[in-house]
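K.L.:
Below are the sequence and a predicted model; questions follow.
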Amino acid sequence: MNNDPLHGKSLKTIVEQLVDFYGFDTLAKLININCFKENPSINSSLKFLRKTDWAREKVEELYVRTLPKF
C-alpha cells in the first residue's frame with residue numbers, strides 16, 4: 001500500500017482539482033507564480049509547472065494540504 005497522496009495523480013488532475021476548489025485568483029495568492037496570475041489556464045499552468053520544479057513542488061504541497069478539504 002502506498003501512503004503517498006500524490007501517487008497515481010497526474011499533474012493535470014492536481015491542477016484541475018486545485019483550480020476547481022480555489023479558483024485561479026486564490027491560487028495566485030497562495031502560490032505567487034505568473035501562470036496563475038497572467039491569463040491563467042490549465043494548459044499554460046501545466047506547461048510552466050512541468051518545466052519548473054520549485055513551482056511544481058509548491059503546487060504539490062498545497063494539494064497535499066488541501067486534500068482533507070476536497
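P.N.:
It's in.

K.L.:
After the longest helix along the chain, which helix or strand is next? Please name it.
P.N.:
Assignment by DSSP state H gives helix 11-30 as the longest helix of the chain. Going down the chain from helix 11-30, the next helix or strand is helix 34-37, by DSSP states H and E.

K.L.:
Does anything pack onto that following helix? Which helices or strands?
P.N.:
Here helix 34-37 touches helix 11-30, helix 42-51, going by 3 or more Cβ pairs under 8 Å, 6 or more residues apart in numbering; DSSP states H and E. C-betas here are computed from N, CA, C, even on glycine.

K.L.:
quick one on the thing from earlier: tell me the mean pLDDT for the longest helix of the chain?
P.N.:
Average pLDDT, helix 11-30: 98.

K.L.:
List the buried residues of it.
P.N.:
For helix 11-30, burial by neighbour count (16 or more other Cβ atoms under 10 Å) applies to 11, 14-15, 18-19, 22, 24, 27-28, 30.
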